[in-house]
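Visitor: Here is my input; please provide its structure:
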Amino acid sequence: MRSGILRQALAKPSLSCLIKANLLSSYIEFGQSLIKFGQSLIKFGQLLIKFGQLLIKFGQSLIEFGQSLIEFGQLLIEFGQLLIEFG
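Guide: Next up, the predicted model:
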């Protein structure tokens with residue numbers, strides 16, 4: 001008689017079994033969504049790092065350009081002074 005009740009319970013799951021199965025399915029879907037979200041955050045972080053590195057290189061290039069302009073300006077001043085002295 002007990003095995004008949006067990007078979008009947010397995011054949012017709014109770015409402016609580018269905019709710020538990022539905023909750024478990026929802027938890028699995030939520031977990032899978034979290035994995036995708038985490039992977040997206042990793043990719044976004046990697047892009048931010050690359051962008052930051054590009055900004056640093058660009059800034060260094062601007063510094064070098066500015067220094068070369070200063071040096072060129074100093075050469076022009078010296079050349080101008082030589083012309084004044086010569087004149």
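Visitor: where does this structure dip in pLDDT?
Guide: Within the chain, the stretches with pLDDT under 70 are 1-13, 15, 17-20.
Visitor: Helices along this structure, start to end?
Guide: Assigned by DSSP state H, the helices in the chain fall at 2-11, 15-86.
Visitor: In JSON lines: those helices, plus mean neighbour count.
Guide: Just so you know, the C-beta spots here come from the backbone N, C-alpha and C atoms, and that holds for glycine as well. Shown next, in JSON lines, are these (neighbours: other Cβ atoms under 10 Å):
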{"stretch": "helix 2-11", "mean neighbour count": "9"}
{"stretch": "helix 15-86", "mean neighbour count": "10"}
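Visitor: now residue 67: how far from residue 61?
Guide: The gap separating residue 67 from residue 61 is 11 Å, by Cβ to Cβ, to the nearest Å.
Visitor: Please write out the alpha-carbon positions of stretch 47-66 in CSV.
Guide: Extracted as CSV, the C-alpha positions of stretch 47-66 are listed here (Å, rounded to 0.1, in the frame of the first residue of the first chain):
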residue,chain,number,x,y,z
LEU,A,47,38.1,47.9,-22.1
LEU,A,48,38.4,50.6,-19.5
ILE,A,49,42.0,49.4,-18.8
LYS,A,50,42.9,49.6,-22.5
PHE,A,51,41.3,53.0,-22.8
GLY,A,52,43.2,54.3,-19.8
GLN,A,53,46.4,53.0,-21.2
LEU,A,54,45.7,54.8,-24.5
LEU,A,55,45.0,58.0,-22.6
ILE,A,56,48.3,57.7,-20.8
LYS,A,57,50.2,57.1,-24.1
PHE,A,58,48.4,60.1,-25.6
GLY,A,59,49.3,62.3,-22.6
GLN,A,60,52.9,61.3,-22.8
SER,A,61,52.9,62.1,-26.5
LEU,A,62,51.5,65.5,-25.7
ILE,A,63,54.2,66.1,-23.1
GLU,A,64,56.9,65.2,-25.6
PHE,A,65,55.4,67.4,-28.2
GLY,A,66,55.2,70.3,-25.7
